[in-house]
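1. quick one: sequence and predicted model below, then my questions.
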Amino acid sequence: MVTLTRWNPSGDVASLSDRMERLFDEMVNRGLWRSGEERPLRGAWVPAVNILEREDAIEISADLPGLKAEDVEVTVDQGTLSIRGERKLEEKQEGETLHRVERVYGLFERTFTLPNTVDPTKIEARFKNGEMTLTLPKREESKPRQIAVQATN
(Lines give C-alpha, C1' and ligand atoms only; values in the text may rest on other atoms or scores of the structure.)
Protein backbone atom coordinates (compact mmCIF):
# COMPACT_ATOMS: atom_id res chain seq x y z
CA MET A 1 0.00 0.00 0.00
CA VAL A 2 1.34 3.44 -0.94
CA THR A 3 0.86 6.35 1.45
CA LEU A 4 0.50 9.77 -0.06
CA THR A 5 1.81 12.77 1.83
CA ARG A 6 0.58 16.24 1.02
CA TRP A 7 3.43 18.63 0.18
CA ASN A 8 3.49 21.75 2.31
CA PRO A 9 5.74 24.39 0.67
CA SER A 10 5.53 26.72 3.70
CA GLY A 11 7.19 23.99 5.81
CA ASP A 12 10.15 23.91 3.41
CA VAL A 13 10.50 27.69 3.53
CA ALA A 14 10.41 27.66 7.36
CA SER A 15 13.02 24.90 7.42
CA LEU A 16 15.28 26.87 5.05
CA SER A 17 14.80 29.99 7.17
CA ASP A 18 15.81 28.05 10.32
CA ARG A 19 18.93 26.71 8.60
CA MET A 20 19.93 30.18 7.35
CA GLU A 21 19.44 31.63 10.83
CA ARG A 22 21.64 28.89 12.37
CA LEU A 23 24.32 29.49 9.71
CA PHE A 24 24.28 33.24 10.38
CA ASP A 25 24.46 32.66 14.17
CA GLU A 26 27.43 30.31 13.71
CA MET A 27 29.26 32.87 11.58
CA VAL A 28 28.67 35.61 14.15
CA ASN A 29 29.55 33.37 17.11
CA ARG A 30 32.75 32.15 15.46
CA GLY A 31 33.72 35.76 14.96
CA LEU A 32 34.44 35.51 11.22
CA TRP A 33 35.26 38.92 9.92
CA ARG A 34 37.73 40.85 7.78
CA SER A 35 38.69 38.38 5.06
CA GLY A 36 38.34 35.24 7.13
CA GLU A 37 40.35 36.34 10.16
CA GLU A 38 39.04 35.29 13.53
CA ARG A 39 38.49 37.66 16.42
CA PRO A 40 38.20 36.76 20.10
CA LEU A 41 34.71 35.79 21.14
CA ARG A 42 33.28 38.01 23.83
CA GLY A 43 30.21 37.42 25.93
CA ALA A 44 29.50 34.00 24.46
CA TRP A 45 31.23 31.97 27.13
CA VAL A 46 29.18 29.44 29.10
CA PRO A 47 31.21 27.40 31.60
CA ALA A 48 30.58 23.65 31.57
CA VAL A 49 29.07 22.15 34.72
CA ASN A 50 28.47 18.71 36.17
CA ILE A 51 25.58 18.14 38.57
CA LEU A 52 25.78 15.16 40.91
CA GLU A 53 23.11 14.11 43.38
CA ARG A 54 23.97 12.25 46.55
CA GLU A 55 21.74 11.07 49.36
CA ASP A 56 22.52 14.13 51.50
CA ALA A 57 23.39 16.85 48.95
CA ILE A 58 23.55 18.01 45.34
CA GLU A 59 26.98 19.00 44.04
CA ILE A 60 27.57 21.35 41.12
CA SER A 61 31.10 21.61 39.74
CA ALA A 62 31.90 24.32 37.19
CA ASP A 63 34.98 24.61 34.97
CA LEU A 64 36.31 28.16 35.32
CA PRO A 65 39.85 28.06 33.90
CA GLY A 66 41.90 31.21 34.27
CA LEU A 67 39.69 32.64 37.01
CA LYS A 68 40.20 33.04 40.76
CA ALA A 69 37.64 32.78 43.54
CA GLU A 70 37.31 36.58 43.70
CA ASP A 71 36.37 36.67 39.97
CA VAL A 72 33.19 34.66 40.59
CA GLU A 73 29.94 35.62 42.33
CA VAL A 74 27.40 33.07 43.57
CA THR A 75 23.94 34.20 44.69
CA VAL A 76 20.68 32.56 45.73
CA ASP A 77 17.43 34.47 45.27
CA GLN A 78 13.89 33.10 45.41
CA GLY A 79 14.88 29.54 44.61
CA THR A 80 17.36 30.40 41.86
CA LEU A 81 21.12 29.82 42.16
CA SER A 82 23.25 32.08 39.94
CA ILE A 83 26.94 31.84 39.09
CA ARG A 84 28.37 34.99 37.45
CA GLY A 85 31.77 36.25 36.49
CA GLU A 86 34.03 37.51 33.77
CA ARG A 87 37.11 36.12 32.11
CA LYS A 88 39.20 38.99 30.80
CA LEU A 89 41.60 38.96 27.88
CA GLU A 90 45.18 39.01 29.14
CA GLU A 91 47.00 42.24 28.46
CA LYS A 92 49.82 42.09 25.92
CA GLN A 93 53.20 43.12 27.18
CA GLU A 94 55.44 45.37 25.11
CA GLY A 95 57.37 43.33 22.59
CA GLU A 96 54.72 40.60 22.44
CA THR A 97 52.58 39.85 19.41
CA LEU A 98 49.41 37.87 19.82
CA HIS A 99 49.00 35.66 16.74
CA ARG A 100 45.89 33.69 17.62
CA VAL A 101 43.12 33.93 20.21
CA GLU A 102 40.91 30.84 20.53
CA ARG A 103 39.82 31.18 24.14
CA VAL A 104 36.49 32.82 24.78
CA TYR A 105 36.42 35.89 27.00
CA GLY A 106 33.71 37.98 28.52
CA LEU A 107 30.89 37.89 31.01
CA PHE A 108 29.10 34.68 31.83
CA GLU A 109 26.14 33.63 33.92
CA ARG A 110 24.66 30.22 34.72
CA THR A 111 21.38 29.94 36.63
CA PHE A 112 19.77 26.89 38.20
CA THR A 113 16.35 26.45 39.75
CA LEU A 114 16.79 24.86 43.16
CA PRO A 115 14.56 21.93 44.04
CA ASN A 116 12.52 22.18 47.25
CA THR A 117 14.74 19.50 48.79
CA VAL A 118 17.74 21.89 48.99
CA ASP A 119 18.39 24.08 52.05
CA PRO A 120 19.54 27.38 50.46
CA THR A 121 20.92 28.72 53.77
CA LYS A 122 23.58 25.99 53.90
CA ILE A 123 25.06 26.18 50.38
CA GLU A 124 28.87 26.17 50.33
CA ALA A 125 31.26 27.13 47.50
CA ARG A 126 34.90 26.05 47.13
CA PHE A 127 37.34 27.10 44.42
CA LYS A 128 40.52 25.21 43.53
CA ASN A 129 42.65 25.09 40.37
CA GLY A 130 40.05 26.68 38.09
CA GLU A 131 37.16 24.53 39.30
CA MET A 132 34.38 25.73 41.56
CA THR A 133 32.38 23.19 43.54
CA LEU A 134 29.06 24.13 45.11
CA THR A 135 27.57 21.83 47.74
CA LEU A 136 23.82 22.17 48.15
CA PRO A 137 22.82 20.22 51.28
CA LYS A 138 19.36 18.66 51.33
CA ARG A 139 16.83 19.53 54.00
CA GLU A 140 16.62 16.97 56.78
CA GLU A 141 12.96 16.30 56.09
CA SER A 142 13.69 15.46 52.43
CA LYS A 143 16.36 12.84 53.19
CA PRO A 144 15.26 9.23 53.04
CA ARG A 145 14.86 7.58 56.44
CA GLN A 146 14.01 4.15 57.69
CA ILE A 147 10.76 3.74 59.61
CA ALA A 148 10.56 0.87 62.06
CA VAL A 149 7.53 -1.34 61.70
CA GLN A 150 6.08 -2.38 65.07
CA ALA A 151 4.07 -5.51 65.49
CA THR A 152 0.76 -5.16 67.35
CA ASN A 153 -1.19 -7.90 69.15
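-> Arrived safely, thanks for sending. Numbers count the residues shown, from 1 in each chain.

2. now the strands for the chain?
-> Per DSSP state E, the chain carries strands over the ranges 32-33, 37-38, 49-53, 57-63, 72-77, 80-87, 106-113, 124-128, 131-137.

3. mind putting these into CSV with distance to Gly95 and mean neighbour count?
-> C-beta here means a position set from N, CA and C on the backbone, and glycine is covered the same way. Below are the strands of the chain laid out as CSV (distance: least, Cβ to Cβ, whole Å; neighbours: other Cβ atoms under 10 Å):
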stretch, distance to Gly95, mean neighbour count
strand 32-33, 27, 12
strand 37-38, 22, 10
strand 49-53, 39, 12
strand 57-63, 32, 18
strand 72-77, 32, 14
strand 80-87, 24, 17
strand 106-113, 27, 14
strand 124-128, 33, 13
strand 131-137, 33, 18
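
4. could you dump these into TSV with distance to Leu16 added?
-> Output for those, formatted as TSV (distance: least, Cβ to Cβ, whole Å):
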stretch	distance to Leu16
strand 32-33	21
strand 37-38	27
strand 49-53	35
strand 57-63	36
strand 72-77	42
strand 80-87	36
strand 106-113	32
strand 124-128	46
strand 131-137	42
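
5. let's have those strands in CSV, adding distance to Arg19 and mean pLDDT.
-> Formatted as CSV, the strands of the chain follow (distance: least, Cβ to Cβ, whole Å; pLDDT from 0 to 100):
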stretch, distance to Arg19, mean pLDDT
strand 32-33, 17, 42
strand 37-38, 23, 42
strand 49-53, 30, 94
strand 57-63, 31, 96
strand 72-77, 37, 95
strand 80-87, 31, 93
strand 106-113, 27, 92
strand 124-128, 41, 96
strand 131-137, 37, 96
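
6. so which of those comes closest to Leu23?
-> Nearest of these to Leu23, taken as Cβ to Cβ: strand 32-33 at 11.2 Å.

7. closest to His99 out of the strands of the chain?
-> Closest to His99 of these, according to Cβ to Cβ: strand 37-38, at 11.1 Å.

8. about what we covered before: ok, which of the strands of the chain comes nearest Thr97?
-> strand 37-38 (14.6 Å).

9. nearest residue to Glu59 other than its sequence neighbours?
-> Spatial nearest neighbour of Glu59, chain neighbours left out: Leu52 (4.6 Å); criterion: Cβ to Cβ, 6 or more residues apart in numbering.

10. quick one on the thing from earlier: of all the strands of the chain, which one is nearest Arg100?
-> From these, taking Cβ to Cβ, the stretch that ends up closest is strand 37-38, at 7.7 Å.
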